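1. dropping a prediction and its sequence here:
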Amino acid sequence: MTELVVRTARRSAAHPWKGIVGWFLFVALCLGAGISAGTHAATTEDYRIGEAGRAEAMAAQGGLQQRPVEHVLITREPGGDKSRDSSGDKSRDHSGHKSRSLSGTAALTAAREIAAGMRKLPEVRSVSAPVRASNGAALRLDVTLKGSELDGKKHVDPLLAQTRKSAADHPGLRIEQTGGSSISKGVDGLRSDELARTEKVALPVTLITLLLVFGSVAMALVPLLLALTSIVAAVGLSMLASHVFPDAGVGTNVILLIGLAVGVDYTLFYLKREREERARSGGRLSSRAVVELAAATSGRAVVWSGLAVALSSATLYLADDVIFSSLATGAIVVTVVAVISSLTVLPALLAVMGERAERRAARRAERGTRRLIRRRTDPANTGGDGAREGRLTGTVLRLVERRPAATLGFAVAVLLALAAPVAGINLTDMGRETHPRSVAAMRTYDRLNAEFPELKATHRVVVRADADRADQVARALHSLAEEAESDPAPGGTPRIRVSPDGRISMLELPVPHHVSTAEARSSLERLRERYVPHAATALPGAELAVTGDVARHADYPAHQKQQLPLVVGALLLVTFAMTVWAFRSVVLGLVGVVLNLLSAAASLGVLVAVFQHRWAEGLLDFTSTGSIGSRVPLFLFVILFGLSMDYQVFVISRIREAAQGGLPTQQAVMAGVRSSAGVVTSAAVVMVTVFASFAALHLIEMKQIGFSLAVAVLLDAFVIRLLVLPALMLLLGERSWWPVRRAPAPPATRPEPQPARIG
């Protein structure tokens, strides 16, 4: 592999402008191909999981699948007409404000006009008759859209426009709209706006960090340029990949999240090593020779790191879930593109910049400024040797060197203490009610549920049987509805629907509780464990299954828990195999697995301690749901394992270089950690900046992912790599390289030095 990396860098450095132009053509080609092919979005069928998914498939066979439904809510305008209605009825809305019953004439007239306008829209399938709330304070219209449930947000704009027009035509009434489609559209808009804001924060902070690292605007801009172009290319390639792995709408998010982090990091590793080799040569080597030396060392580490991230991300496909498949595809594509950029266009850019620096140095030499040149090329002045360390880092490493056993015990105890809250983790699928109230449709959603609590959720019992048994099925479902009516959980009026061919029947039971509540879950458990089995005894040979809002909410986390051992097992195997392959050491393979587990468990424990409780709500601006999003732990484990390999490969590579240079392993450990401490710290700051910016989002699951990844990188860079890894390798000594006695020698691919050109 090293030979291939060096050969690629040599070609790129020898023909730099071809490499630079070729890279931008590659980016344009990827984006153009993606736009031409378009994105293949995931369909409703792709999201079906567990018993709920099986029931939805049965319902779809009979044309009874869930449709996108929007609700138009009509209430009295706050602060409007304060005259008492003939009914004199008073009630309170969800905010506790007094509200009066609607006058029959004004509200019904508005409802009829709205219904007539909605029926004219080509996107509308049907409009219900007006439904009055039990307290008389509200009217609603149920508007069913054409197309699948997921397609609703694509067609909801004309309905929202019609609702706004009606609200303007009736100033005495508050007319507003909510529903799955309008909420999804609002949430998507909020996500886009907040991601744009995070980029405005993350990019300047990253640039400032890089300026502090390199002290040069040109050098600081190179990592950002390559990261951003890698993201653009990855977006185009992900569009092509979506025709194999459907896009669940999260691919671009993960490309931004991972692309900026690894794109900057890989370039940072390479650039720091190039500067180190340039400083070490003292101007005696040409820019091309310096680039080859950097390729043979950090270039190789970047390839291994990229492979580790890509293979770790690929384990998400084992989750058997369209969302995780979409996340995996985005992470793999952007990581591979970032590696390609660091091996092709980066050497070309470094060669061009180096040659310009050589020409400037030659001109200064001609003007008699050789002394300045020597001072600038002295490693002690440039800081480019990479071995200089900060005062705090130096103190920590001296402590590790003197007392490795005590350091290891203390650090592991701290990590285990941080991981302890994981034992009480509560995983749930984040329901619609967890979305921010900054979305207008969510505020309407609250008012709608306050007036019509039966709309909060619905159980759907689906039965598939021969058409000649339709009457028998209807009797059994009526009996089930009567049994459930005495249950304190369900509420509202049950409804039975039958497919045109009579083979599929569905009982709908309204539930006056949000899907994430204990009451809703208990209701589902009783339905599945008591009422449905009892009905099944009256329908031998028929197939029964339960879906609905609560069932979806319950089945998704259950599916993730079921797949978690498979994914984590594959992840551990990949981590072990990659480390053994890279360093030819079984011991280091085991060390990598254990350290990654410690880091992931500790960060997950911190996540649980922060987000399952209320003490940090004001600090991080969120409302606790008392749970962790079911997707977060799996995504955290996979991405963290991959990113941890960045630091692990880079640090152990430096340790191995020192050992191959003749140092005993204990000395090589400290030399390798010291030489890599600066770049690991810089890379960690960049990653934490990117991830922490995502923690500022108001979407709770995105906030949890950003927070947990930021914590994980901090722990990995400053606890695992500065304390635990060196302490453990100091204690292991030469056994670190088992089954060989010493660090294995790398392939003979060192490039022949070439003198720097003068003039």
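-> Nice, I can see it.
2. center of the protein, which residue is that?
-> The centre of the chain sits closest to Val254, judged by CA atoms, centre = their mean, with a distance of 5.1 Å.
3. check contacts around the nearest residue to it once chain neighbours are set aside.
-> Ranked by CB to CB, 6 or more residues apart in numbering and with sequence neighbours excluded, the top spatial neighbour of Val254 is Gly330, at 4.0 Å. All C-beta atoms are positioned from the backbone trio N, CA, C, and that covers glycine. By CB atoms under 8 Å, 6 or more residues apart in numbering, the residues touching Gly330 are Ala234, Ser238, Val250, Gly251, Thr252, Asn253, Val254, Ile255, Ile258.
4. now those residues as JSON lines including distance to Val680 and pLDDT?
-> As requested, the contacts of Gly330 are exported to JSON lines (distance: CB to CB, whole Å; pLDDT from 0 to 100):
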{"residue": "Ala234", "distance to Val680": "25", "pLDDT": "96"}
{"residue": "Ser238", "distance to Val680": "29", "pLDDT": "95"}
{"residue": "Val250", "distance to Val680": "29", "pLDDT": "83"}
{"residue": "Gly251", "distance to Val680": "29", "pLDDT": "84"}
{"residue": "Thr252", "distance to Val680": "29", "pLDDT": "85"}
{"residue": "Asn253", "distance to Val680": "26", "pLDDT": "82"}
{"residue": "Val254", "distance to Val680": "23", "pLDDT": "87"}
{"residue": "Ile255", "distance to Val680": "24", "pLDDT": "91"}
{"residue": "Ile258", "distance to Val680": "18", "pLDDT": "88"}
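5. pull the most distant pair out of those.
-> Greatest spatial distance among the contacts of Gly330 (CB to CB): Ala234 and Val250, at 13.9 Å.
6. neighbour count for those two, which is higher?
-> Ala234 (33 against 22; other CB atoms under 10 Å).
7. least trustworthy helix or strand in the protein by mean pLDDT?
-> Ranking every helix and strand in the chain by mean pLDDT, DSSP states H and E puts helix 379-382 at the bottom, with a mean of 38.
8. residue boundaries of the strands in the stretch 501-650 of the chain?
-> Under the criterion DSSP state E, counting those that start in this stretch, the stretch 501-650 of the chain contains strands at 504-511, 543-548, 628-629.
9. what mean pLDDT does the shortest one have?
-> So that's strand 628-629. On average, the pLDDT along strand 628-629 is 88.
10. packing partners of it?
-> With contacts taken as 3 or more CB pairs under 8 Å, 6 or more residues apart in numbering; DSSP states H and E, strand 628-629 sits against strand 427-428, helix 586-611, helix 700-715.
11. let's see it at 10 Å
-> Packed against strand 628-629 by the contact rule (3 or more CB pairs under 10 Å, 6 or more residues apart in numbering; DSSP states H and E) you find strand 427-428, helix 549-583, helix 586-611, helix 700-715.
12. closest to Val291 out of these?
-> helix 549-583 (22.3 Å).
13. pLDDT weak spots in the protein?
-> 1, 79-104, 283, 357-390, 486-491, 741-759 (pLDDT under 70).
14. ok so, going back, just tell me which of the helices and strands packed on strand 628-629 ends up closest to Ile208.
-> Nearest to Ile208 among these is helix 700-715; the distance by CB to CB comes to 17.4 Å.
15. how about the helices in the stretch 51-200 of the chain?
-> Here the stretch 51-200 of the chain has its helices, by DSSP state H, counting those that start in this stretch, at 104-119, 152-155, 157-169, 180-214.
16. any chance of those in a markdown table, plus distance to Pro510?
-> Shown next, in a markdown table, are the helices of the stretch 51-200 of the chain (distance: least, CB to CB, whole Å):
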| stretch | distance to Pro510 |
| --- | --- |
| helix 104-119 | 21 |
| helix 152-155 | 20 |
| helix 157-169 | 23 |
| helix 180-214 | 16 |
